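J.: Sequence and computational prediction follow.
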Amino acid sequence: MNDRFSLLFFPKGNSISKDGKVSIYLRITVNGKRSELSIQRKIDPSKWNSIAGRMIGNNEEAYGINRYINAISAKIYKIQEKFLIEDKPFTSLMIKNTFLNKNSARKTLLKIFYEHNNQIEKLVGKNYSSGCFKRYERTCNHLKNYIQKEYHLNDIFVQDVDLKFINGFEYFLKTEITANQNTITKYLTNFKKIIRIAYANDWITKDPFFLWKAKWKTVEREFLSEWEVQKIIEKDVNISRLELVRDIFIFSCFTGLAYSDVKKLSSNDIVIGMDGERWIKTKRTKTDTRSNIPILPIADAIIDKYKSHPDIINSKCLIPVLSNQKMNAYLKEIADVCGITKNLTFHLARHTFATSITLSNGVPIESVSKMLGHKSLKTTQHYAKILDRKVSDDMKALRKRLKFNQQDIGNTSN
């Protein structure tokens, strides 16, 4: 350990008293990073020796202030020495907080997480979605269970979190909970944010996630082909609840809206665009980003079909949406009657809009990204990769069907 450590006492003239005195401050510097505090003493700036960092004079006032400064210096150096003896890394803020008897120098991991989650909860609906808050809560609960199981403690100091702790938590998630690799990685990235907060506040001296690499597994997202979408549209459904679910699903196939966004869609979200056509302009519940979607004829027909529905007449809602659980259960029935073997879920409609409805029909990826409300074009590009895979599969099938013999090319004379 080779920490550059220094103390500097100086008058700070940001607040001058009636008698012309200013407060004396202490600056603690560790490896170039500073922390300052007032020592609760004041002095006439003209009586200060900036080189010695002491008051000039042999009177009682100078003697008292200099003795007080020496006592503070001795205490600070003793705190630094304790860190060195225990071979623990430290920052200027940690030295300052230890001197002031503040416990932030020894913050605990779960306490930081609880404070973070309390702030997120208060911002739900403003800067964060309820789903985001719940994901942080689940991460915190998994960490709590891990600490109790592996360390037999209710919490640990954030300074004790290292790469071994992180890898142990990842192994705990893989063996103790039912979740796929991407879900586990999301828990770890949530945990990483808490550590970054601790690092930014100087509660820890290094980021234990520095050498950790997120492991994401590529997921091949299913979507319906145009033929399958048409099959669902044309299917004669005699049960009213299935007809409603079918219509809502098809509405999502032609707008790209997720379940939560369809459910909260109101008449206020329908506007006339610059092209004179009706548009949906709304904010996504998940990311709070704006989606701007021209309404295609099929989606418009579904809105018109339900404008006289009892649940719509006395509300601003556009479509009478059932619960997500019921929607997905009834979609399984619709898949059966339509002879579709894919796992039909409501979210599949959003993937279908991105692939079969838009990208496959030549809509530029930038436009699709804007309609889906993606923050990054990289997210939308995933759907383009799916289509590339489909092109590859189609060409493989074509190769098998073609009867041409390439050997004839080589045998052709000039």
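T.: Done, it's in. A quick note: this is a predicted structure, and the numbers were derived from the prediction, not measured. Numbers count the residues shown, from 1 in each chain.

J.: What's the separation between Leu242 and Thr289?
T.: 33 Å (C-beta to C-beta, to the nearest Å). C-beta: built from backbone N, CA, C; applies to glycine.

J.: Have a look at the two and say which one is more surrounded.
T.: Leu242 (16 against 12; other C-beta atoms under 10 Å).

J.: and the gap between that one and Cys338?
T.: From Leu242 to Cys338 the distance is 10 Å (C-beta to C-beta).

J.: before we move on, what about Lys231?
T.: If you go by C-beta to C-beta, the gap between Lys231 and Cys338 works out to 5 Å.

J.: The two: which is more packed in?
T.: Cys338 (17 against 14).

J.: wait, doesn't the more buried one sit right on Lys235?
T.: Yes: taking contacts as C-beta atoms under 8 Å, Cys338 lies within contact range of Lys235: 5.2 Å.

J.: so what's Gly167 closest to, chain neighbours aside?
T.: That one is not Gly; residue 167 is Asn. Leaving out its chain neighbours, the residue that sits closest to Asn167 by C-beta to C-beta, 6 or more residues apart in numbering is Trp212, at 7.9 Å.

J.: show me what contacts the one you found?
T.: Going by C-beta atoms under 8 Å, 6 or more residues apart in numbering, Trp212 touches 163, 166-167, 188, 192.

J.: With distance to Gly131, secondary structure and neighbour count as added columns, please give those residues in JSON lines.
T.: Converted to JSON lines, the contacts of Trp212 look like this (distance: C-beta to C-beta, whole Å; DSSP: H, G, I helix; E, B strand; the rest coil; neighbours: other C-beta atoms under 10 Å):
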{"residue": "Leu163", "distance to Gly131": "30", "secondary structure": "helix", "neighbour count": "12"}
{"residue": "Ile166", "distance to Gly131": "24", "secondary structure": "helix", "neighbour count": "18"}
{"residue": "Asn167", "distance to Gly131": "27", "secondary structure": "helix", "neighbour count": "12"}
{"residue": "Leu188", "distance to Gly131": "18", "secondary structure": "helix", "neighbour count": "19"}
{"residue": "Lys192", "distance to Gly131": "19", "secondary structure": "helix", "neighbour count": "17"}
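
J.: and the two most separated of these?
T.: The distance between the two most remote of the contacts of Trp212 (C-beta to C-beta) is 13.1 Å, for Asn167 and Lys192.

J.: Can you get me a residue count around Lys385?
T.: 12.

J.: And Lys174, by the same measure?
T.: 11.

J.: Give me the three-state assignment for it.
T.: At Lys174 the chain is in helix, as set by DSSP: H, G, I helix; E, B strand; the rest coil.

J.: Find the nearest non-adjacent residue to it, please.
T.: In this structure, Lys174 finds its nearest non-sequential neighbour in Ile184, 6.2 Å apart by C-beta to C-beta, 6+ apart.

J.: Kindly report the same for Gln40.
T.: Ser23 (7.8 Å).

J.: Tell me which helix or strand that neighbour sits in.
T.: Using DSSP states H and E, Ser23 falls within strand 22-30.

J.: What's the first helix or strand after that strand?
T.: Following strand 22-30 toward the C-terminus (DSSP H and E): strand 33-43.

J.: what does the host helix or strand of Phe251 contact?
T.: Using DSSP H and E, Phe251 falls within helix 240-253. Residues outside helix 240-253 that contact it (C-beta under 8 Å, 6+ apart) are 224, 229, 232-233, 235, 237, 257-259, 262, 298-299, 302-303, 305-306, 319-322, 326-327, 330-331, 333-334, 337, 344, 346, 349-350, 352-353, 357.

J.: Report the mean confidence score over it.
T.: Average pLDDT, helix 240-253: 93.

J.: Report the buried residues of stretch 33-44.
T.: Applying a neighbour-count criterion of 16 or more other C-beta atoms under 10 Å, one finds 35, 41-44 buried in stretch 33-44.

J.: Tabulate these in a markdown table, adding columns for pLDDT and distance to Ile95.
T.: As requested, the buried residues of stretch 33-44 are exported to a markdown table (pLDDT from 0 to 100; distance: C-beta to C-beta, whole Å):
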| residue | pLDDT | distance to Ile95 |
| --- | --- | --- |
| Ser35 | 90 | 7 |
| Arg41 | 90 | 19 |
| Lys42 | 90 | 24 |
| Ile43 | 91 | 23 |
| Asp44 | 91 | 29 |
